[in-house]
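Enquirer: below are the sequence and a predicted model; questions follow.
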Amino acid sequence: MSPAASALSPEVEAAIAQVREDVARLHAELTRYGLVVWTGGNVSGRVPGADLFVIKPSGVSYDDLAAENMILCDLDGNVVPGTSGSERAPSSDTAAHAYVYRNMPEVGGVVHTHSTFAVAWAARGEEIPCVITAMADEFGGPIPVGPFAIIGDDSIGRGIVETLRGHRSRAVLMRNHGPFTIGSSAKDAVKAAVMVEDVARSVHFAREAGPLVPIPRDAIDRLYDRYQNVYGQTGDARRESTAGQSEDARR
Ligand SMILES: O=C(CO)[C@@H](O)[C@@H](O)COP(=O)(O)O
């Protein structure tokens, strides 16, 4: 049942305002990195401390996205009535994002794009093998393929969760569609979307030129551990992140 807008505490209201700002701003990263065209793609962010998330309005130009027209939804994907932006329809992928938030409590952000090289791998229904250290660092192994699922119900969300639960990767290539990514925050999920397109491009060209050389599993583990726990600064969100870091995932 959607909480009445008036029943939200000042702390939740403040959290909502921050997530609105973050999600609106992060959509510009999708265009900056060339991951979307026209109104394709979407970013959402979970509201800390509440069963709520924020997502973009469906089909609205990226030039027109702003905190005030982001849409607040409950974890069933229902728009919270009486809140800023609620007069518009939420992203057509809202059900998928909501399903992920309901079933993966460690996930703080979800992103979907149609980035060219990742979509090309998805069109072939082929996982991206872990043959470059950048993949070992960021994804801890191959980037898996999720099932073909038509938008409109929980099918896409279920495919994302069934593929990524217990998997190190924060990215999944939904077959014949394109990448969905998860993260500890919306920014972390956007980073995964940027990086999945980067590695999809590199491995595509490598394979065009000749046979790929796999990285040994133990080396992937060492690279992933270093990147997740040593690279960057101690305060980096990645250090606290659990999204995509299942300890028993060694796939
Ligand atoms: O791929 C899909 C749906 O899965 C696109 O429609 C999507 O990228 C953009 O839709 P929205 O503008 O978020 O409704």
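Expert: It's in.

Enquirer: helices of the stretch 51-200 of the chain, residue ranges please.
Expert: For the stretch 51-200 of the chain, the helices defined by DSSP state H, counting those that start in this stretch cover 94-103, 116-123, 133-139, 155-164, 186-209.

Enquirer: what packs against the third one?
Expert: If I follow you right, that is helix 133-139. Packing partners of helix 133-139 (3 or more C-beta pairs under 8 Å, 6 or more residues apart in numbering; DSSP states H and E): helix 186-209, helix 217-229. All C-beta atoms are positioned from the backbone trio N, CA, C, and that covers glycine.

Enquirer: using CSV, write out every CA atom in that helix.
Expert: Extracted in CSV, the C-alpha atoms of helix 133-139 (Å, rounded to 0.1, in the frame of the first residue of the first chain):
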residue,chain,number,x,y,z
THR,A,133,41.8,-7.3,-16.3
ALA,A,134,39.3,-4.4,-16.3
MET,A,135,36.5,-7.1,-16.3
ALA,A,136,38.1,-9.0,-13.4
ASP,A,137,38.5,-5.8,-11.5
GLU,A,138,34.9,-4.5,-12.0
PHE,A,139,32.8,-7.6,-12.5
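
Enquirer: what does the stretch 101-250 of the chain put close to the ligand?
Expert: Applying C-beta under 6 Å from any ligand atom, one finds that the stretch 101-250 of the chain approaches the ligand through 112, 114, 151.

Enquirer: and the gap between the first one and residue 36?
Expert: The gap separating residue 112 from residue 36 is 9 Å, by C-beta to C-beta, to the nearest Å.

Enquirer: of the two, who's got more company?
Expert: residue 112 (28 against 20; other C-beta atoms under 10 Å).

Enquirer: residue closest to the middle of this protein?
Expert: Most central in the chain under C-alpha atoms, centre = their mean is residue 181, positioned 2.7 Å from the mean C-alpha point.

Enquirer: where does pLDDT dip in this protein?
Expert: By pLDDT under 70, the low-scoring segments of the chain are 1-6, 238-251.

Enquirer: again, 50 this time
Expert: The chain contains residues with pLDDT under 50 at 1, 246-251.

Enquirer: tell me the secondary structure of residue 35, please.
Expert: coil (DSSP: H, G, I helix; E, B strand; the rest coil).

Enquirer: for it, the count of nearby residues, please.
Expert: 24.
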